[in-house]
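>>> Fold the following, please.
(chains A, B, C and D)
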There are 2 protein chains.
Amino acid sequence: MPRIPTAERRDALIQAALRVVAQRGVTAATTRAIVAEAGMSLASFHYAFASHDELMAELIREVVKQEERSVTLPEPPAGATVRDVLRAGVQSYLDSMHADPQREKAMLELTHYALRTPAGEHLARMQYEHYYALASTALAAGAEATNVVWDRPVGEVARILIALTDGLTLAWLVNRDDAAAASLMDFAADAVAGLARPA
Amino acid sequence: MPRIPTAERRDALIQAALRVVAQRGVTAATTRAIVAEAGMSLASFHYAFASHDELMAELIREVVKQEERSVTLPEPPAGATVRDVLRAGVQSYLDSMHADPQREKAMLELTHYALRTPAGEHLARMQYEHYYALASTALAAGAEATNVVWDRPVGEVARILIALTDGLTLAWLVNRDDAAAASLMDFAADAVAGLARPA
DNA sequence: GTCTATAATGAGATAGAC
DNA sequence: GTCTATCTCATTATAGAC
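Got it, this is the predicted structure:
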């Protein structure tokens, strides 16, 4: 192995850890499994990280940052209602989960993992603060584009939307039932659209 | 240790395992931790169970059965609307989570654990079928008591309600924010009540 | 800086005495 | 049937050669 800056090595190990968690779950994400996935030696790991715990904490932080980038805000077509925009938004979320189901499973597992570790509760909270912030931005843009206003603080609507997508995610991961998911998404779009008033 | 029928021993180990998972998470639920919690020897474990995996599978089945018993259906007061009944129902669910947060955390962790194990996907699906069945019963009774009918099959409403409670559960476990939970429950009650029509 | 080799610990499972 | 003692293997972490 050539010499690699420590920062890059840390990043490579975090990405490898994320792949292991996605493919085989948190319990399988041992140090050895991670270095094997990264094609590194065990010692290289401990040169970059003091411990397995340190990497897991970094992994959760990293995963939140990645989520930030992956959110797309499609420009709504002219004449679209806020209900249409919401429906399209959750659909695009489901599509992304369809494309990589293991990834969303990994995100949820990492949240639960964080909730079990001493310093992790704070990390999980930060993770959700990011989700709420992203949803708030999207909801504000959606309202703006469709000429409506939310009847309560947008952050509150965001929490509702995130709770709905969490429920949708878990239901789909368990049942893999696209028809049931569509029914849930219809409900979610209707219900959240019900929180909007004409501007 | 006195001689205990194998069935009782299995049960005691399963209950011990559930306590360990609730208190310290699935990753901490090693065979040794479980027998320590149960006050048994390691050998007794393997007399009752062929393997650690077998116990975990049994644990998930057991946990579903327990959930069945824990659901209470309060008689709605005269004059209550279906919205009131729904609001009271999710409130009583949150209250039970308040009383034992670790328990709900454990349920979700076990679902994710099941989703990672080969035969477990089926167990997770059964777990959710139970949830849906319980919710369906409660929703049918609630509609009956308040003189309304659901505008779609009750099983579909049940899936919506379960998705909402899953989202609520995760949000509360992460944030421990009762005010936010109340806002979510208000939304859930309003939105689901919107699926009912006068009988 | 990177590797191989090797502690040191904890895991699941089993043997064999009683 | 139940226990103690042990086996075997996987794990985290480190030592020491290069």
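
>>> ok, residues contacting the helix or strand of chain A with the lowest mean pLDDT?
The weakest-scoring helix or strand in chain A, judged by mean pLDDT, DSSP states H and E, is helix A:52-70 (a mean of 85). By CB atoms under 8 Å, 6 or more residues apart in numbering or on different chains, the residues outside helix A:52-70 that reach it are A:10-11, A:13-14, A:17-18, A:21, A:29-31, A:34, A:45, A:49, A:96, A:106-107, A:110, A:113-114, A:117, A:119-120, A:123-124, A:126-127, A:130-131, A:134. Quick note: C-beta positions are derived from backbone N, CA and C, even for glycine.

>>> which residues in chain A form helices?
Taking DSSP state H as the criterion, chain A contains helices spanning A:6-24, A:31-38, A:42-48, A:52-70, A:82-99, A:101-116, A:120-145, A:154-175, A:178-193.

>>> could you redo the ones you listed as JSON lines and give each row mean neighbour count?
Formatted as JSON lines, those follow (neighbours: other CB atoms under 10 Å in any protein chain shown):
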{"stretch": "helix A:6-24", "mean neighbour count": "18"}
{"stretch": "helix A:31-38", "mean neighbour count": "18"}
{"stretch": "helix A:42-48", "mean neighbour count": "15"}
{"stretch": "helix A:52-70", "mean neighbour count": "16"}
{"stretch": "helix A:82-99", "mean neighbour count": "18"}
{"stretch": "helix A:101-116", "mean neighbour count": "21"}
{"stretch": "helix A:120-145", "mean neighbour count": "18"}
{"stretch": "helix A:154-175", "mean neighbour count": "23"}
{"stretch": "helix A:178-193", "mean neighbour count": "19"}
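
>>> Go through these and find the least confident stretch.
Ranked by mean pLDDT, the helices of chain A end with helix A:52-70 at the bottom, a mean of 85.

>>> gap between that one and the chain center?
A distance of 11 Å separates the centroid of the chain from that of helix A:52-70, by CA atoms, centre = their mean, to the nearest Å.

>>> what residues are up against A:Ile160?
A:Val192, A:Leu195, B:Ser183, B:Leu184, B:Phe187.

>>> which residues touch the third one?
Shown here is B:Ser183, whose contacts under the criterion CB under 8 Å, 6+ apart are A:Arg152, A:Glu156, A:Arg159, A:Ile160.

>>> Next: the last one.
By CB under 8 Å, 6+ apart, the contact set of B:Phe187 is A:Ile160, A:Ala191, A:Leu195.

>>> hmm, back to that, nearest to DNA strand D, of the contacts of A:Ile160?
Comparing the contacts of A:Ile160 against DNA strand D with CB to the nearest atom of the strand places B:Leu184 closest, at 36.7 Å.

>>> near DNA strand C too, which of the contacts of helix A:52-70?
Among the contacts of helix A:52-70, no residue is within reach of DNA strand C (CB under 7 Å from any atom of the strand).

>>> now, which of the residues you listed lie close to chain B?
Residues of the contacts of helix A:52-70 in contact with chain B (CB under 8 Å from any CB of the partner chain): A:Tyr113, A:Ala124, A:Gln127.

>>> and stretch A:187-199, how far apart are its ends?
This stretch, stretch A:187-199, spans 23 Å end to end (CA to CA, to the nearest Å).

>>> what separates that stretch from the chain centre, distance-wise?
That offset, for stretch A:187-199, works out to 23 Å (CA atoms, centre = their mean).

>>> Kindly report the same for stretch A:186-199.
From the chain centre to the centre of stretch A:186-199 is a distance of 23 Å (CA atoms, centre = their mean).

>>> same thing with stretch A:33-51?
25 Å.

>>> With stretch A:109-129 instead?
That offset, for stretch A:109-129, works out to 13 Å (CA atoms, centre = their mean).

>>> Send over it as PDB, restricted to the C-alpha atoms.
C-alpha atoms of stretch A:109-129 as PDB (Å, rounded to 0.1, in the frame of the first residue of the first chain):
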ATOM      1  CA  GLU A 109     -29.500   1.000  12.100                       C
ATOM      2  CA  LEU A 110     -26.900   3.600  12.600                       C
ATOM      3  CA  THR A 111     -29.500   5.800  14.400                       C
ATOM      4  CA  HIS A 112     -30.300   3.000  16.800                       C
ATOM      5  CA  TYR A 113     -26.600   2.200  17.200                       C
ATOM      6  CA  ALA A 114     -26.000   5.900  18.100                       C
ATOM      7  CA  LEU A 115     -28.900   5.800  20.600                       C
ATOM      8  CA  ARG A 116     -27.100   3.000  22.500                       C
ATOM      9  CA  THR A 117     -23.700   4.600  22.800                       C
ATOM     10  CA  PRO A 118     -23.000   7.300  25.500                       C
ATOM     11  CA  ALA A 119     -22.100  10.200  23.300                       C
ATOM     12  CA  GLY A 120     -24.300   8.900  20.500                       C
ATOM     13  CA  GLU A 121     -27.600  10.300  21.700                       C
ATOM     14  CA  HIS A 122     -26.300  13.700  20.800                       C
ATOM     15  CA  LEU A 123     -25.200  12.500  17.400                       C
ATOM     16  CA  ALA A 124     -28.600  11.000  16.700                       C
ATOM     17  CA  ARG A 125     -30.200  14.300  17.700                       C
ATOM     18  CA  MET A 126     -27.900  16.100  15.300                       C
ATOM     19  CA  GLN A 127     -28.700  13.700  12.600                       C
ATOM     20  CA  TYR A 128     -32.400  14.400  13.000                       C
ATOM     21  CA  GLU A 129     -31.800  18.200  13.200                       C
END
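
>>> ok so, going back, and the ones next to chain B among the contacts of helix A:52-70, which is closest to DNA strand D?
After measuring these against DNA strand D - CB to the nearest atom of the strand - the closest member comes out as A:Tyr113, at 13.0 Å.

>>> List the contacts of that closest one.
Applying CB under 8 Å, 6+ apart, the residues contacting A:Tyr113 are A:Val26, A:Met56, A:Ile60, A:Gly120, B:Gly25, B:Thr27.

>>> now with 10 Å?
A:Tyr113 is in contact with A:21, A:25-27, A:29, A:56, A:59-60, A:106, A:120, A:123-124, B:25-27, B:109, B:112, counting by CB atoms under 10 Å, 6 or more residues apart in numbering or on different chains.
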